[in-house]
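Visitor: Have a look at this fold, sequence not included:
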């Protein structure tokens, strides 16, 4: 082997030899740890952004109690629905549809049903859903990036063969006790790669971090509000996913002949997000701080002669006060609501 070839081989990215470690009888799965880490980052960063926008500390955590389980269920439902024959087709494994720890979460279902859970949590806390969505948007896409590390440990979601220096080495994993192939729970006893492929999960990870940075920058620069920061995240993510999805070679449901279903979904959602960005032109809303210590979020405070927490110049009969009382969200000082 020439020195140039040897250098190229050494430059390839090695895969982990396993994605599961046993702690006694308990399996510790890298995929699950990455999902948990992503959720923690999203909640912590989302809470900081929510408070910076005038919200109450802890609100994001309270809403996440509803949004996270809804999102996990939605993500799994989407995966099973778009790959139903793997579980319910001839020779399928119906019980496998419940084995979420083996991978298989569709981001489209996770965001859709997670939004339902967030809506429930926001209703309980008296928080406008678009205001909440703008606060948590960059944290969500960073959580997706962290989740892609789990795909690395699972040796999944990669692309076609490549000779590029950042190609990913794929190993044959087996069950050590039987020697039978086990791609998810097995161990690579031989680190000779069986193929070298495009690490498309890594491409998506890096793209997600770029999208998070763009959302943060645009949010500060243009003071996005009324769900526009969230729409920018959706548009940015789907733009990258559209092209990255076409580079993947893993098994996927095909529509319109030979088009991966996630390519179609990414394109449709991208168009919807861009339309929202173009059509919604409202200024950033300001979330009013409650006048008391009520833990359930903002409350209407129209009692005459209340304590000093009331604004000194407030006029309950003014149209602006009625708008704030009704929507709990008002335009920023110096800006006009269209």
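Guide: Received the coordinates, thanks. All values derive from a computational prediction rather than experimental measurement. Numbering: from 1, shown residues only.
Visitor: Please look at residue 236 and residue 215 and confirm they touch.
Guide: Yes. Counting by Cβ atoms under 8 Å, residue 215 is a contact partner of residue 236 at 6.9 Å. The C-beta positions use only the backbone N, C-alpha and C, and glycine is treated the same way.
Visitor: mind checking how far residue 75 is from residue 142?
Guide: Distance from residue 75 to residue 142, counting by Cβ to Cβ, to the nearest Å: 17 Å.
Visitor: between these two, who's got more neighbours?
Guide: Each of residue 75 and residue 142 has its neighbours counted (other Cβ atoms under 10 Å); residue 75 has more, 24 against 21.
Visitor: quick one on the thing from earlier: shared neighbours of residue 236 and residue 215, anything?
Guide: Residues touching both residue 236 and residue 215 (Cβ atoms under 8 Å, 6 or more residues apart in numbering) are residue 141.
Visitor: More neighbours: the two, which one.
Guide: The residue with more neighbours, out of residue 236 and residue 215, is residue 215; 28 against 23, by other Cβ under 10 Å.
Visitor: In terms of helices and strands, where is the more buried one?
Guide: Secondary-structure assignment from DSSP states H and E places residue 215 in helix 200-222.
Visitor: try residue 240
Guide: Taking DSSP H and E as the definition, residue 240 sits inside helix 228-247.
Visitor: so what does that helix touch, helix or strand wise?
Guide: Secondary-structure packing of helix 228-247 (3 or more Cβ pairs under 8 Å, 6 or more residues apart in numbering; DSSP states H and E): helix 107-125, helix 129-154, helix 200-222, helix 261-279.
Visitor: Tell me, how many residues neighbour the nearest residue to residue 247 once chain neighbours are set aside?
Guide: What sits nearest to residue 247 in space, not counting adjacent residues and going by Cβ to Cβ, 6 or more residues apart in numbering, is residue 159, at 4.5 Å. When counting by other Cβ under 10 Å, one arrives at 20 neighbours for residue 159.
Visitor: Okay, residue 159 and residue 249: tell me how far apart.
Guide: 6 Å.
Visitor: what do these two both touch?
Guide: Looking at what touches both residue 159 and residue 249 (by Cβ under 8 Å, 6+ apart), the common residues are residue 197.
Visitor: List the residues that contact the residue nearest to residue 182 when sequence neighbours are not counted.
Guide: Ranked by Cβ to Cβ, 6+ apart and with sequence neighbours excluded, the top spatial neighbour of residue 182 is residue 175, at 4.4 Å. Contact analysis of residue 175 by Cβ under 8 Å, 6+ apart lists 181-182, 185-187.
Visitor: Can you pull the phi/psi pair for residue 175?
Guide: Dihedral pair for residue 175: phi -80, psi 120, per degrees, to the nearest 10.
Visitor: What score does residue 313 have for pLDDT?
Guide: pLDDT, residue 313: 43.
Visitor: Same question for residue 252.
Guide: 87.
Visitor: go on, residue 140?
Guide: Residue 140 is assigned 98 on the pLDDT scale.
Visitor: these two touch, right, it and residue 236?
Guide: No. Judged on Cβ under 8 Å, residue 140 makes no contact with residue 236 at a distance of 11.6 Å.
Visitor: Tell me where the stretch 51-200 of the chain is predicted with low confidence.
Guide: By pLDDT under 70, the low-scoring segments of the stretch 51-200 of the chain are 101-103.
Visitor: cutoff 90 now
Guide: Along the stretch 51-200 of the chain, the model assigns pLDDT under 90 to residues 79-108, 176-177, 179, 184-185.
Visitor: Report the buried members of the contacts of residue 175.
Guide: Among the contacts of residue 175, the ones that count as buried by 16 or more other Cβ atoms under 10 Å are 182, 185-187.
Visitor: closest to residue 273 among those?
Guide: Using Cβ to Cβ, the shortest approach to residue 273 within these belongs to residue 185, at 37.4 Å.
Visitor: Count the residues that sit near residue 232.
Guide: 24.
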